[in-house]
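Asks: Give me coordinates for this.
(one chain, ligands or ions: 1)
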Amino acid sequence: MPALSASAPGKIILFGEHSVVYQQPAIAVPVMQVKAKAIATPAIGKPSNSVQVIAPDIEINSTLKTLPLDHAISMAIDITLKELGISNHPAFNLRISSTIPLAAGLGSGAAVSVAIIRVVANFLGHNLSDKVVSDLAFEVEKIHHGTPSGIDNSVVTYAQPVYFIKDQLLETFPIQKPFTIVIGDTGIKSSTAVSVGDVREAWQADPAKYEKYFEACGKIAKQAREHIENGEIEKLGPLMNDNHEWLQEMNVSSQELDDLVQAARDAGAWGAKLSGGGRGGNMIALVDPDASESVADALIKAGAVQTIITKVGE
Ligand code: PMV
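Replies: This next block holds a predicted model:
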């Protein structure tokens, strides 16, 4: 059995995070500059069914049996074996690595799950469809995110821009004209489960107010899709700014995110907003390609620990 590898990209949410949990549309795109990778190699001489998990980034080098059952890595492996109906398999080593910043709204958890699910299936002689891979990764996401919408596992599995409405058939859509996004990392780790839980509590306390926020964000995502399909890129800027304001109202921004968003706008970005769960993690800015370096520099000056310049639709 040869060594096999699989990978999955990072992602950003362009429009509609949080409101997407409440059936509003959202748009997410892959970020190909960063990725999670899983490599499976035969563990010659080891008893069947044993799996050695090696994930240096998170200091894991242990057998699958000794990992907690609810660990995302164990879950991704177990759920794949279950899906394939495999109870007896040759021993293998699973090496996992990722260049996607952790807990930063760039989809690292979903990408790691997708890479593991694909490589384990391939190693055992099976090829799972994207739909099945995405569904299995969603099951893993549920354990760690509580009530995820499913947008992360979808965009990361298909590695294409998606227009996503929870519990509906996934739509990918054409990008008429590529556009440039600068991603700025606050360096602050933030739990999506916590911010999603807080929004849920706030919504339960005042449903009318929060449903107004969610609908406004859904409308923005719908308009944004039209602009993207028509190649009207600059029109996305004000929509990003509006979306950021609604997210501030939902109390999922933070001073650091707001500072980076302002710094990007001051440096000439057409629009900027937080991206993902919020409270920390990353923000994104839509820029003229010629301004991407200067906006990235401005973000570093304003406190970003890392920036990524990515072209959507190329
Ligand atoms: O995983 P993150 O931080 O990119 O956030 C996902 C987006 C949310 O809308 C906040 C949650 C969800 O499940 O859609």
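Asks: where does this protein have low pLDDT?
Replies: Across the chain, the ranges flagged by pLDDT under 70 are 1.
Asks: Between its first and last residues, what's the separation in stretch 140-152?
Replies: Start-to-end span of stretch 140-152 (CA to CA, to the nearest Å) is 11 Å.
Asks: if you look at it, does any of it touch the ligand?
Replies: Yes. Contact between stretch 140-152 and the ligand is present through 145, 148-149, 151-152 (criterion: CB under 6 Å from any ligand atom). To be clear about C-beta, it is placed using only N, CA and C from the backbone, and glycine gets the same treatment.
Asks: who does the longest strand along the chain pair up with?
Replies: Taking DSSP state E as the criterion, the chain has its longest strand at strand 26-42. Take DSSP bridges as the rule and strand 26-42 pairs in its sheet with strand 4-15 (antiparallel), strand 92-98 (antiparallel), strand 162-164 (antiparallel).
Asks: residues of the very next helix or strand once past it that come out buried?
Replies: Next helix or strand after strand 26-42 toward the C-terminus (DSSP states H and E): strand 51-55. Of the residues in strand 51-55, those with enough neighbours to count as buried (16 or more other CB atoms under 10 Å) are 51-53, 55.
Asks: and which of the residues you listed is nearest to residue 129?
Replies: residue 51 (23.6 Å; CB to CB).
Asks: mind checking how far the closest one is from the ligand?
Replies: 27 Å (CB to the nearest ligand atom, to the nearest Å).
Asks: Now do whichever strand or helix holds residue 264: which elements does it pack against?
Replies: Residue 264 is part of helix 255-266, with elements assigned from DSSP H and E. Counting contacts by 3 or more CB pairs under 8 Å, 6 or more residues apart in numbering; DSSP states H and E, helix 255-266 packs against strand 179-185, helix 236-249, strand 271-275, strand 282-287, helix 292-301.
Asks: Which one of those lies nearest to the ligand?
Replies: Closest approach to the ligand among these (CB to the nearest ligand atom): strand 271-275, 6.9 Å.
Asks: what lines up beside the closest one in the sheet?
Replies: Checking strand 271-275 against DSSP bridges gives partners strand 282-287 (antiparallel).
Asks: Quick one: distance of the strand it pairs with to the chain centre.
Replies: The chain centroid and the centroid of strand 282-287 are separated by 15 Å under CA atoms, centre = their mean, to the nearest Å.
Asks: that older thread, what about the longest strand of the chain and the ligand, any contact?
Replies: No. No part of strand 26-42 sits near the ligand under the criterion CB under 6 Å from any ligand atom; the closest distance found is 6.8 Å.
Asks: could I get that strand in PDB with only the CA atoms?
Replies: Provided in PDB are the C-alpha atoms of strand 26-42 (Å, rounded to 0.1, in the frame of the first residue of the first chain):
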ATOM      1  CA  ALA A  26     -23.800  33.600   3.100                       C
ATOM      2  CA  ILE A  27     -20.900  33.600   0.700                       C
ATOM      3  CA  ALA A  28     -17.600  31.900   1.400                       C
ATOM      4  CA  VAL A  29     -14.500  31.400  -0.700                       C
ATOM      5  CA  PRO A  30     -11.500  29.100  -0.400                       C
ATOM      6  CA  VAL A  31      -8.100  30.500   0.500                       C
ATOM      7  CA  MET A  32      -5.600  28.300  -1.400                       C
ATOM      8  CA  GLN A  33      -2.500  29.900   0.100                       C
ATOM      9  CA  VAL A  34      -3.000  28.000   3.300                       C
ATOM     10  CA  LYS A  35      -4.000  24.300   3.700                       C
ATOM     11  CA  ALA A  36      -4.400  21.300   5.900                       C
ATOM     12  CA  LYS A  37      -2.700  18.100   4.800                       C
ATOM     13  CA  ALA A  38      -3.000  14.500   5.900                       C
ATOM     14  CA  ILE A  39      -0.600  11.700   4.800                       C
ATOM     15  CA  ALA A  40      -1.400   8.000   5.400                       C
ATOM     16  CA  THR A  41       1.400   5.500   5.300                       C
ATOM     17  CA  PRO A  42       1.400   1.800   6.000                       C
END
